[in-house]
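Participant: requesting a structural model of the entry that follows:
(one chain, ligands or ions: 1)
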Amino acid sequence: MDIRYIEENRLFVLETENTSYIMGIVDEEGFLGHFYYGDRIDPRDSSYVLNLIEPEYTPGTNGRDRSSFLDRFPFEYSGSNVGDYRNDSINITDHNGNGSVLLCYDSHEIFKGKKKLEGLPAAFGNENDTMSLEITLIDKIIGLKAVLSYSIFDGLDVIARSVRLENTSDYPIMLNKVMSMTMDMDNENYQLLTLYGSWARERMMDFRPIGYGDTLVESFRGESSHQFQPFMALVRNGDSQDTGKTYGFSFIYSGNFQAGVCRSQFDSLRLYMGICEKNFRWKLEKGKCFQAPEVILNYSPCGLGKMTRTFHDLFRNHLIRSPYKDKERPILINNWEATYFNFDSEKLLAIAKEAKKSGIEMLVMDDGWFGERNDDNSSLGDWYVNENKLKGGLKKLVDDINEIGLRFGIWMEPEMISPKSRLYEEHPDWAIQVEGRVPCRSRNQLVLDLTRQEVFEYVYDRIKDVLSSANIEYLKWDMNRQLTDLGSLWLDSDRKGELSHRYMLAVYDLQERLVTDFPDLLLENCSGGGARFDAGMLYYSPQIWCSDDTDAIERLKIQEGTALVFPLSTMGAHVSDCPNHTVGRTTPFNTRGDVALSGTFGYELDITGISRKDREAIKEQVENYHKFSDIYRNGDYYRLASYQRNHEFDAWMVVSKDKKRALLTCVQVVAAPNGKKRVLKLDGLDKNMDYRIADSNMRILGSTLKSAGLQIDMPAGDYQSKLIYLSSEE
Ligand code: GLA
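Facilitator: Modelled structure (predicted):
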C-alpha cells in the first residue's frame, strides 16, 4: 500500500494491494478531479488517466465554456450553484442567504496511521498498517474549508473516506447537505445493488438498472432502519460471486443516510453517500468544524464474493473494538420468545437450570423486568426492578443464576420513554416533540431527547446503576421505534435541524462511555430486530440482533443480505420454538440450529417446555458450536447458492484462514421430486490440499472440489439442512 503525490502532474495516487485510486489538481483554479478507481495501474501510467478525461482544462481563462466544463468535470467533491448541475456534494446557505460554493485545492498532507473522527465511529489503524491522505479544499469567497480524508489499510482493498468542514469566515454558514463522499465515474452498464426490508424481513437484496437521473436509497427515520441499509454496490455481473467489477460502499453511521447514483446527460455517474439531506441542517459557527461520518469504498474486480470478504476483514480488524471480537461468545438463552412479559424469578431459574444441563452458558433476561411493565404500554425510563416479578431484587436473581453456573445478561431500551411512566410524569418535556403538537406514538412510546445534557446524564446513570447492581456481563441495548416529530424543547430554532444528527452523536457518546466504564461487558445492539444493524454500531458492539424473525427459512434471506456486508460473528442468531412466532412455520430443530450456528448462536425458547428430543439436540448443537465457532468467527465466507433468488435451496461455506478447515451449510427449502442431482462447486479451498469430507473416508483435492464440485445428498422433505465439515487435518 502506498499514497503518493506526483508533483509533476499534480496527481494523488492511492494504491492498495490490488487497486489504484487517482485524483489530480487541474487548471490554475485548482479543481480537484477524480480520475480513476479500479484495478491497480502501473505507477508509470498514473498520469495517463488524466488524458482520458476532458481534453482541455481551461475554465480559468475560457469563460465561454466554463459551465460545460463544470457540468462534466469529474469532481472529487463538487460544489453547488456554480455550473455543475449534477447532484452536489455539499449545499450551504451563507450569511447573505446565498448558496454558491466551489471548493478548490489548497494543501495536502500524507501520513502514517489514521486520525480518529471526533464523536463518530470510524475504521482505525496504526502507523504500521494504515496510511492516510488529507486534501484541504477551500472556497475563499465564503471562507469554507473542506478537508477530504482518505485512509488505506495494509492487505485490504478498501479506502476509508470522510470530510471535515471548517468555517474560516466571520459569520455562521448553514450546512444544508454534506455528503461524506461523492465519486464520478464512467457508466459501464452497472446495476445498483441495495438492501431493503421491513420489520422481521431486513436486508433483502435488490438489483436494479441505473436510469438517468437519481436512483437512491435513504433513511430519514432517525436510524439506519429496517427499510434500507446504508450500503450500495455497483455490479457489472448481477449477483455473480466471482466475476464482474463490483464497487461496494458501506457507511459507518447509524442515523439518517442517503446512498445513490446520479446518471448524467453525458452518461457519467456520480455516486454519493452521506447523511440524508432530509431532516438535516447544521449551523456551522465561525471557527467551528463539522465532521461528516466515514464511508468505506471497496472495489472488487471479481464479483460480490471478494467484496464481502474484504468488508468482513476490514470490520473485524479495523472497526470492531470489543474484546469479544476474537473470543468465543457465550451461548445464551434469551427469555423473550419463551415468556414475553410474563415471567418471574422462578420461571427464569427454571429455564436456567434446564439450560445448564444442555451446555448453555448465559441467561439473558429480556423486556419486562422493570417498572410496571407487563406489556409494551408502560415504564420505559423507569429503570428500577419490579420486585413482584424478581422477588428479592436483581442481585439475588443474578446470584442465583450464577450459582446454577450460568452467566447473566439483561435487556434495556435506554433511549425511550413511555407516556405511562414515572419519568414522563416528572419530565414530559424530555421527549422529542414539536411544541404544541401531540407527538406520534409508536409501540406506545416516545423517544428521549438525548441531545439535552440532563436527559443524557439521567439515561447514562440509569444504565450504570443497573449494570453495577449485580454481576451483569451482557447488555442487549434495544431501540424499538423510529423518530418522528423532530423537535426539541431546548434547541434554538436555528438549530432544530441538527436534532437527528445530534441524537445519533448522543447515542454514540452514551455507548462510548458504556464500553469505557464496562470494558468487559458484552454489548449487543438491537432495534426492533435489525433496524440499526450497521457499521456504526459495530464500533461499539461486536454483535447486533439481526431480526425479530427467528424462523430458520426467513433467516436464510435475512442472513444472506446481512452477511453480504457484515461478518458472521456480528449476526445475532438464535434457535427458537415452532411453530415460529412470526410466520407460523414449523421447521426441523436441526435446521434451526444449523442456520443459527452461522451467527452468534443462542436460544430463544422455553427450554422447560420443548420435547426431550429437542433438548437432547441442543447438546449436539452446543458441541458443534464449540467445535466450529472459530471458523465462523474468523474464516472467509463464500456464498454458493441463494434461496432468495432460486427459491429452493441455500448454501454457504466458511473456510478457515489457513484453509485447513471448512464448513458447508446447505438448506433445502423446497423438496423437488425426480430432480437433477445437486452438485456444488466449492470455493475458497486450497487447491493443493486434500480434504476429508464430513464423516466419510473420502479425501478430495480442493482443486477438484472447485472444478468438479461436491454432490450434496439432502434428506427428503422441505426445510432440511445439512452441515458438512471438511478438514485437511483429520
Ligand atoms: C424488540 C427486540 C426483541 C425483544 C423486544 C422486547 O422487538 O428486537 O428481541 O427484545 O423488543 O420488547
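Participant: could you pull up the residues touching the residue of the chain found nearest the ligand?
Facilitator: Nearest residue of the chain to the ligand: Asp367, at 3.5 Å (C-beta to the nearest ligand atom). C-beta: built from backbone N, CA, C; applies to glycine. Residues near Asp367 by C-beta atoms under 8 Å, 6 or more residues apart in numbering: 336, 340-341, 373, 376, 411, 413, 478.
Participant: cool, Gly260 as well?
Facilitator: 87, 192, 214-218, 232, 271-272.
Participant: kindly recompute the last result at 7 Å.
Facilitator: Under the criterion of C-beta atoms under 7 Å, 6 or more residues apart in numbering, the neighbours of Gly260 are 214-217, 272.
Participant: once you drop chain neighbours, what's closest to it?
Facilitator: Leaving out its chain neighbours, the residue that sits closest to Gly260 by C-beta to C-beta, 6 or more residues apart in numbering is Leu216, at 2.6 Å.
Participant: am I right that the one you found is in a strand?
Facilitator: Yes: judged by DSSP: H, G, I helix; E, B strand; the rest coil, Leu216 forms part of a strand.
Participant: per-residue confidence for it?
Facilitator: You'll see Leu216 listed with a pLDDT of 97.
Participant: please enumerate the helices of this structure.
Facilitator: Using DSSP state H, the helices of the chain run over 66-70, 303-318, 336-339, 345-358, 394-404, 422-426, 453-468, 499-517, 535-538, 552-563, 589-597, 612-634, 643-646, 702-707.
Participant: winner for burial among the ones you listed?
Facilitator: Stretch with highest mean neighbour count among the helices of the chain: helix 535-538 (a mean of 28; mean count of other C-beta atoms under 10 Å).
Participant: which intervals of the stretch 251-400 of the chain have sub-threshold pLDDT?
Facilitator: The stretch 251-400 of the chain contains no residues with pLDDT under 70.
Participant: may I see the contacts of Gly260 organised as JSON lines, with distance to the ligand and neighbour count added?
Facilitator: Listed next are those as JSON lines, based on distance: C-beta to the nearest ligand atom, whole Å; neighbours: other C-beta atoms under 10 Å:
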{"residue": "Asp214", "distance to the ligand": "33", "neighbour count": "15"}
{"residue": "Thr215", "distance to the ligand": "31", "neighbour count": "18"}
{"residue": "Leu216", "distance to the ligand": "27", "neighbour count": "19"}
{"residue": "Val217", "distance to the ligand": "22", "neighbour count": "21"}
{"residue": "Tyr272", "distance to the ligand": "31", "neighbour count": "26"}
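Participant: residue ranges with poor pLDDT in this protein?
Facilitator: For the chain, counting by pLDDT under 70, the residues that fall below are 53-61.
Participant: what's the biggest strand in it, counting residues?
Facilitator: In the chain, taking DSSP state E as the definition, the longest strand is strand 173-186.
Participant: report the central residue of the chain.
Facilitator: Nearest to the geometric centre of the chain sits Asp534, at 2.0 Å (C-alpha atoms, centre = their mean).
Participant: now Val385. Nearest residue, chain neighbours left out?
Facilitator: Nearest non-adjacent residue to Val385, counting by C-beta to C-beta, 6+ apart: Leu394, 4.8 Å away.
Participant: should've said Arg208
Facilitator: Leaving aside its chain neighbours, Arg208 sits nearest to Leu192 (5.5 Å; criterion: C-beta to C-beta, 6+ apart).
Participant: contact partners for the residue nearest to Val385?
Facilitator: Applying C-beta under 7 Å, 6+ apart, the residues near Leu394 are 385, 469-470.
Participant: other residues contacting the longest strand of the chain?
Facilitator: Strand 173-186 has contacts (C-beta under 7 Å, 6+ apart) with 34, 37, 74-75, 77-78, 89-94, 142, 144, 161-163, 165, 167, 268-275, 277, 280-284, 290, 292-295.
Participant: give the contact list for Tyr37.
Facilitator: Contacts of Tyr37 by C-beta under 7 Å, 6+ apart are 21, 183, 185, 299.
Participant: repeat that with 8 Å
Facilitator: Tyr37 makes contact with 19-22, 183, 185, 247, 297, 299, according to C-beta under 8 Å, 6+ apart.
Participant: and if you look at Gly561?
Facilitator: 195, 197, 202-205, 229, 644.
Participant: let's go with 7 Å and repeat that
Facilitator: 195, 203-205.
Participant: okay, now the residue nearest to Ser80 when sequence neighbours are not counted: neighbour count?
Facilitator: The shortest distance from Ser80 to any non-neighbouring residue, by C-beta to C-beta, 6+ apart, is to Asp88 (3.8 Å). Counted with other C-beta atoms under 10 Å, residues neighbouring Asp88 total 25.
Participant: now Arg661
Facilitator: Look at Arg661: counted by other C-beta under 10 Å, it has 21 neighbours.
Participant: is it possible to get TSV of the contacts of Tyr37 that adds distance to Arg585 and neighbour count?
Facilitator: Listed next are the contacts of Tyr37 as TSV, based on distance: C-beta to C-beta, whole Å; neighbours: other C-beta atoms under 10 Å:
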residue	distance to Arg585	neighbour count
Thr19	43	24
Ser20	49	21
Tyr21	46	25
Ile22	51	24
Met183	43	25
Met185	44	19
Tyr247	37	22
Leu297	39	22
Tyr299	39	24
